[in-house]
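[1] everything below, folded, please.
(one chain, ligands or ions: 1)
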Amino acid sequence: MMHGVICMLIEWKDRYSVKIDVIDEHHMKLFDMLNRSSVIKLQDNNQDDLSRLLYELINYAHYHFYTEEKLMMKYDYQNIDLHILEHVSFTNKVLSYERDLIDSHNNISEDVFDFVKNWLFDHIQKIDSDMGEFISSKHYV
Ligand SMILES: [Fe+2]
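    Sure thing, here's the model as predicted:
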């Protein structure tokens, strides 16, 4: 069992850094929550724990997006509109997963965490990394 858990965990790597410490810390915390979801699923698949974790993750993602958006405004980042649009479409997608769960009284579907994981990897390495290049070149402190 433990071997399976270890295989599913995602590990932070230096190449995920977006060159802004506070944003890297947020991303690490999101990785951490995704890893907790994998552990819960593999150990006892407790649906209450999973839905609590999903709420925690959604709240934290909102706080995280808000932090990024404030930084982009402060440094007059040229691609801010596109970036905010990505955050909005992520939020809508996750909320629709949540609505489905409530409507159908179903167990939490595994793919909501998979969706978050895939989205986050892609978003960090493209959209956030572009923002980080720009802001760090403005002598971000
Ligand atoms: Fe972002």
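[2] distance check, Asp48 against Lys29.
    Between Asp48 and Lys29 the distance is 22 Å, computed by C-beta to C-beta, to the nearest Å. Just so you know, the C-beta spots here come from the backbone N, C-alpha and C atoms, and that holds for glycine as well.
[3] those two: which is more packed in?
    Lys29 (13 against 9; other C-beta atoms under 10 Å).
[4] tell me which element that one is part of?
    Using DSSP states H and E, Lys29 maps to helix 21-43.
[5] so which elements touch that helix?
    helix 2-8, helix 47-74, helix 111-123 (3 or more C-beta pairs under 8 Å, 6 or more residues apart in numbering; DSSP states H and E).
[6] which among those is found nearest to the ion?
    helix 47-74 (4.7 Å; C-beta to the ion).
[7] residues of this structure that sit close to the ion?
    Contact residues, the chain versus the ion (C-beta under 5 Å from the ion): 68, 128.
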